[in-house]
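A.B. asks: Based on what follows, work out the 3D shape:
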Amino acid sequence: MSWLYELWPLRPFGTRFRLHPLFTLMLFLSAVTGHFMEMITLFAIVLIHEIGHAVCAKQLGWRVREVLLTPFGGVAVTDEDGSIPAKEEALVAAAGPAMNVLMIGFAYLMLSLGIWTHAWTIYFVQANTALLLFNLLPVLPLDGGKLLRVMIGYALPFYKTLKATTFWSILASGLMIGIAFSTFGQGGLELNLLLIGSFLLYANWYEWKTVPYRFFRFLLGRGRRVAGWMKAGVKPDPLLVAGNTRLAEVVRRLKRERLHIIVVMNGPGDVAGVLPEERCTKHYLEKEQNRAVSDLFM
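C.D. replies: You can find the predicted model right below:
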């Protein structure tokens, strides 16, 4: 039952924190094998890392519903999926690794004050460094993958960004699994890499299946950003489309950090009309995805 994995009554900053079943299993196995202290340390590092994400998100006004803690990091569930500025997503993604850097600095401070031993400091620093470097890998749902998605989103339409970054993450996860199996018979199976690759592959396969849902949420929240851009007098970026182009194709060309106007063409140099992007988005959300953009002039 899910309540077994909830860190009740721990709800920092009004956000529910839950343990992934795999993390719970690892805590149990560590107690049985005599490595409970190491596992609790890992748990504390992951928790502080995720609190960094949650605090930053709350400061920016995000609605963070819950954070799921896994042995490899955490996954925040928010209501802002794609509807917030890219720079905010980058800040929130970077806030977790920043906590690892702060913890490394704190460890050396404790060592210099004579409070921590050299051996414990080295262990704590190595654990933080490993989690920091792992989370910066450009693979979703890791922080590095989110930063990669932000950067690609400046060049590609948001729909293609979701597809491209998720597809790459699936390939990278499969590569990890392949490398783990490649050592079989040459000293044993790389079990840690296999577990990590399998976890990431499952997460990204689920991400791939939910791309349409994530894109729909992006469109639902886009109206607020469009209104802000128009109020600020942002110059729109024209999208040239043929009159028979379906609305689904039009909205999939929207870039996350661009305000668009839709220029409908009858042919080269022949402009049939101009539409604001929000009109196309409105009809798309009203289940008219297959409607031709020229129909909106009628």
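
A.B. asks: got the end-to-end distance for stretch 247-265?
C.D. replies: Length of stretch 247-265, first residue to last, C-alpha to C-alpha, to the nearest Å: 14 Å.

A.B. asks: And it, what's buried?
C.D. replies: For stretch 247-265, a neighbour-count test (16 or more other C-beta atoms under 10 Å) marks 247, 250-256, 258-260, 262, 264-265 as buried. Glycine gets a C-beta too; all of them are placed from N, C-alpha and C.

A.B. asks: would JSON lines of those with secondary structure, pLDDT and distance to His53 be doable?
C.D. replies: Formatted as JSON lines, these follow (DSSP: H, G, I helix; E, B strand; the rest coil; pLDDT from 0 to 100; distance: C-beta to C-beta, whole Å):
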{"residue": "Leu247", "secondary structure": "helix", "pLDDT": "92", "distance to His53": "35"}
{"residue": "Val250", "secondary structure": "helix", "pLDDT": "93", "distance to His53": "34"}
{"residue": "Val251", "secondary structure": "helix", "pLDDT": "94", "distance to His53": "29"}
{"residue": "Arg252", "secondary structure": "coil", "pLDDT": "95", "distance to His53": "29"}
{"residue": "Arg253", "secondary structure": "coil", "pLDDT": "95", "distance to His53": "31"}
{"residue": "Leu254", "secondary structure": "coil", "pLDDT": "95", "distance to His53": "27"}
{"residue": "Lys255", "secondary structure": "coil", "pLDDT": "94", "distance to His53": "25"}
{"residue": "Arg256", "secondary structure": "coil", "pLDDT": "92", "distance to His53": "20"}
{"residue": "Arg258", "secondary structure": "coil", "pLDDT": "92", "distance to His53": "27"}
{"residue": "Leu259", "secondary structure": "coil", "pLDDT": "93", "distance to His53": "29"}
{"residue": "His260", "secondary structure": "strand", "pLDDT": "93", "distance to His53": "31"}
{"residue": "Ile262", "secondary structure": "strand", "pLDDT": "91", "distance to His53": "36"}
{"residue": "Val264", "secondary structure": "strand", "pLDDT": "90", "distance to His53": "42"}
{"residue": "Met265", "secondary structure": "strand", "pLDDT": "84", "distance to His53": "44"}
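
A.B. asks: Of those, which is the nearest to His283?
C.D. replies: Distances from His283 to the buried residues of stretch 247-265, taken as C-beta to C-beta, are shortest for Leu247 (5.8 Å).

A.B. asks: sorry, back to before: can you name the two of the buried residues of stretch 247-265 that sit furthest apart?
C.D. replies: Taking C-beta to C-beta, no two of those sit farther apart than Arg256 and Met265, at 24.4 Å.

A.B. asks: Just give me the closest of the buried residues of stretch 247-265 to Ala54.
C.D. replies: The closest of the buried residues of stretch 247-265 to Ala54 turns out to be Arg256 (C-beta to C-beta; 22.9 Å).
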